[in-house]
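[1] coords please:
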Amino acid sequence: MLTLLLALQIFHVVFLALHDWIPLGRLNDVRAVRKENPGSKLLVGTVITTSLFVPPLVEGLRHVHGPWPGWVWVWLRVAYGLLFLGELQAWWWPYFMGTSEKTVERYRVMFGETHAFLPTRCGIRINTLHFVLHVMTLATLVLSVLQ
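    Residues are numbered from 1 along each chain as shown. Predicted coordinates for the structure are as follows:
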């Protein structure tokens, strides 16, 4: 279980650090994201977001065979719990309940050309890359709680 949890954490750190910067074909649209987020704002957001998930990952790697310090479990549960709540608020609530036209347009500009398999609802189209992120976040949160 610890190996899987470490793998999920590595996925998150790499994802959060790179998904707005490295083109991944139709999975993302870095040019469109930069239209909506100036480079300096995007860089600061990337550094802050990614840095929240690095300490428990580093500590988990230091204690790869366990046991992990108690603070790591608290950090994981809080950080991934907040991340998942943010994903629900940013994507799933608007998808099912609707949101402002401004938000719909912003998402259309940033993600309108990316791959998605879910249908558009309330003007929101959850792309495949973010869907995968959300599943991985939930899996990480569940594993951290089950430990």
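
[2] The residue minimising distance to the centre of the chain and Val33, how far apart?
    Centrality entry for the chain: nearest residue to the mean C-alpha point is Leu133, 5.0 Å, by Cα atoms, centre = their mean. From Leu133 across to Val33, the span is 14 Å (Cβ to Cβ, to the nearest Å). (Each C-beta comes from the backbone N, C-alpha and C, glycine too.)

[3] quick one on the thing from earlier: help me confirm that the residue nearest to the centre of the chain comes into contact with Val14.
    No. In this structure, Leu133 is not within contact of Val14 by Cβ atoms under 8 Å, at 11.2 Å.

[4] all helices of this structure, in order?
    2-18, 30-36, 39-51, 54-62, 70-87, 93-97, 101-111, 128-146 (DSSP state H).

[5] In CSV: these, plus distance to Thr120 and mean pLDDT.
    Output for the helices of the chain, formatted as CSV (distance: least, Cβ to Cβ, whole Å; pLDDT from 0 to 100):
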stretch, distance to Thr120, mean pLDDT
helix 2-18, 24, 96
helix 30-36, 17, 93
helix 39-51, 25, 94
helix 54-62, 35, 96
helix 70-87, 18, 97
helix 93-97, 9, 98
helix 101-111, 9, 96
helix 128-146, 13, 97
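
[6] among the ones you listed, which is nearest Phe117?
    Comparing these by their distance to Phe117 (Cβ to Cβ), the top pick is helix 128-146, with 6.0 Å.

[7] what about dumping the CA coordinates of that closest one to PDB?
    The C-alpha trace of helix 128-146 is given here as PDB (Å, rounded to 0.1, in the frame of the first residue of the first chain):
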ATOM      1  CA  THR A 128      -9.700  13.700 -19.700                       C
ATOM      2  CA  LEU A 129      -6.500  15.000 -18.100                       C
ATOM      3  CA  HIS A 130      -8.400  16.600 -15.200                       C
ATOM      4  CA  PHE A 131     -10.700  13.600 -14.900                       C
ATOM      5  CA  VAL A 132      -7.700  11.400 -14.400                       C
ATOM      6  CA  LEU A 133      -6.200  13.900 -11.900                       C
ATOM      7  CA  HIS A 134      -9.500  13.800  -9.900                       C
ATOM      8  CA  VAL A 135      -9.600  10.000  -9.800                       C
ATOM      9  CA  MET A 136      -5.900   9.900  -8.700                       C
ATOM     10  CA  THR A 137      -6.600  12.500  -6.000                       C
ATOM     11  CA  LEU A 138      -9.500  10.600  -4.600                       C
ATOM     12  CA  ALA A 139      -7.500   7.400  -4.700                       C
ATOM     13  CA  THR A 140      -4.600   9.100  -2.800                       C
ATOM     14  CA  LEU A 141      -7.000  10.500  -0.200                       C
ATOM     15  CA  VAL A 142      -8.700   7.200   0.300                       C
ATOM     16  CA  LEU A 143      -5.400   5.300   0.700                       C
ATOM     17  CA  SER A 144      -4.100   7.900   3.100                       C
ATOM     18  CA  VAL A 145      -7.200   7.600   5.300                       C
ATOM     19  CA  LEU A 146      -7.200   3.800   5.200                       C
END
